[in-house]
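**Q** coords please:
(one chain, ligands or ions: 1)
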Amino acid sequence: MIFLKYICYLDYGRLIVFLIQNKARVMINQQLNTGVITLIFSVIYQNQADKEEEKLAETCARCSCGSTESDLRYQQLEKIISENKGKPGALIPVLHQAQELFGYLAEDVQELVADGLEIPLSEVYGVITFYSLFSTKPRGEHTIGVCMGTACYVKGAAAILKAIQTELGVGIDETSEDGLFTLTVTRCLGACGLAPVITIGEDVYGRLTPDKIPDILNKYRNNNSK
Ligand code: FES
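**A** Numbering: from 1, shown residues only. Now for the predicted structure:
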């Protein structure tokens, strides 16, 4: 369009432009001076360069040039999808591995999984939101799970949850500012005898009281600062 505007502005009626398969081929009257020719070719070149840049940006976002770590993760995802495609119940294992790769399941990852497994995006999203182990937002280094099952609730899980929220300054499903902790709530963890119970990653803490929370969290903070 920019190219055509230049032509109209200069009012060179004898200039003929053929657009064939998205490539501009230009026939220029010999009477046009060199400056105009340079201008026209500059515009064509710039348009071409803009298109190439857009194409490259799109390609890198979805990965296939393999030039960055991020692209490699997309390549790995494609491999995971192709290995599981057609298998019954493939969606959950694929999502699980995708989350391990990226840390969470962003929209573009959900779309790639849906396209790759040839299932509706709504089905992918439904599974992600149903299972609490999946997250659509970036997670902290340690995920805290506060059990809100009946036994834990009766033994004071709500006070434990509040103590953690106060200590970290976050709500449920949020990540602390230092990026260390993501707070979640869970159903019964099968350790009711230890109620109230929380998990931090693979670690389990039972028979908790709110005053124990700062020391427990500090252990992880200190480990991280070493
Ligand atoms: S209710 Fe919390 S472990 Fe069972």
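**Q** Spell out which parts of the chain neighbour the ligand.
**A** 147, 149-152, 188-189, 191-192, 195, 197 (C-beta under 6 Å from any ligand atom). C-beta: built from backbone N, CA, C; applies to glycine.
**Q** Let's have the residues you listed in CSV, adding pLDDT.
**A** As requested, the residues of the chain next to the ligand are arranged in CSV below (pLDDT from 0 to 100):
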residue, pLDDT
C147, 97
G149, 96
T150, 97
A151, 97
C152, 98
C188, 95
L189, 93
A191, 95
C192, 97
A195, 98
V197, 98
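**Q** C-alpha coordinates for stretch 195-215, PDB please?
**A** What follows is the C-alpha trace of stretch 195-215 in PDB, where atoms were taken according to Å, rounded to 0.1, in the frame of the first residue of the first chain:
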ATOM      1  CA  ALA A 195      -4.000 -32.800  60.700                       C
ATOM      2  CA  PRO A 196      -3.600 -30.000  60.000                       C
ATOM      3  CA  VAL A 197      -1.300 -30.800  57.100                       C
ATOM      4  CA  ILE A 198       0.500 -28.800  54.500                       C
ATOM      5  CA  THR A 199       2.900 -29.800  51.700                       C
ATOM      6  CA  ILE A 200       5.800 -27.800  50.300                       C
ATOM      7  CA  GLY A 201       6.900 -29.500  47.100                       C
ATOM      8  CA  GLU A 202       7.600 -33.100  48.200                       C
ATOM      9  CA  ASP A 203       7.900 -32.200  52.000                       C
ATOM     10  CA  VAL A 204       5.000 -32.900  54.300                       C
ATOM     11  CA  TYR A 205       4.400 -30.900  57.600                       C
ATOM     12  CA  GLY A 206       1.800 -32.100  60.100                       C
ATOM     13  CA  ARG A 207       0.300 -31.200  63.400                       C
ATOM     14  CA  LEU A 208       0.900 -27.500  62.600                       C
ATOM     15  CA  THR A 209       0.000 -24.400  64.400                       C
ATOM     16  CA  PRO A 210       0.100 -20.900  62.900                       C
ATOM     17  CA  ASP A 211       3.200 -19.900  64.900                       C
ATOM     18  CA  LYS A 212       5.300 -22.600  63.100                       C
ATOM     19  CA  ILE A 213       4.700 -21.200  59.700                       C
ATOM     20  CA  PRO A 214       7.400 -18.500  59.600                       C
ATOM     21  CA  ASP A 215      10.200 -20.900  60.600                       C
END
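**Q** Which positions in it come out as buried?
**A** If you call a residue buried by 16 or more other C-beta atoms under 10 Å, then stretch 195-215 has these buried ones: 195-200, 205-206, 208, 210, 213.
**Q** same question, stretch 82-101
**A** Residues of stretch 82-101 classed as buried: 84, 90-91, 94-95, 97-99 (neighbour count, 16+ other C-beta under 10 Å).
**Q** Find me the pLDDT at I37, would you?
**A** Note for I37: predicted pLDDT of 50.
**Q** for R25, that is, sorry about that
**A** Taken from the predicted model, the pLDDT recorded for R25 is 46.
**Q** From N84, how far off is the residue in the chain that the ligand sits nearest to?
**A** Using C-beta to the nearest ligand atom, the closest approach of the chain to the ligand is made by G149 at 2.4 Å. Distance, G149 to N84, by C-beta to C-beta, to the nearest Å: 32 Å.
**Q** hmm, back to that, distance to S176 and secondary structure added to the buried residues of stretch 195-215, as CSV?
**A** Output for these, formatted as CSV (distance: C-beta to C-beta, whole Å; DSSP: H, G, I helix; E, B strand; the rest coil):
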residue, distance to S176, secondary structure
A195, 25, coil
P196, 21, coil
V197, 21, coil
I198, 15, strand
T199, 16, strand
I200, 12, strand
Y205, 17, strand
G206, 23, coil
L208, 19, coil
P210, 18, helix
I213, 13, helix
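**Q** No more questions from me, cheers.
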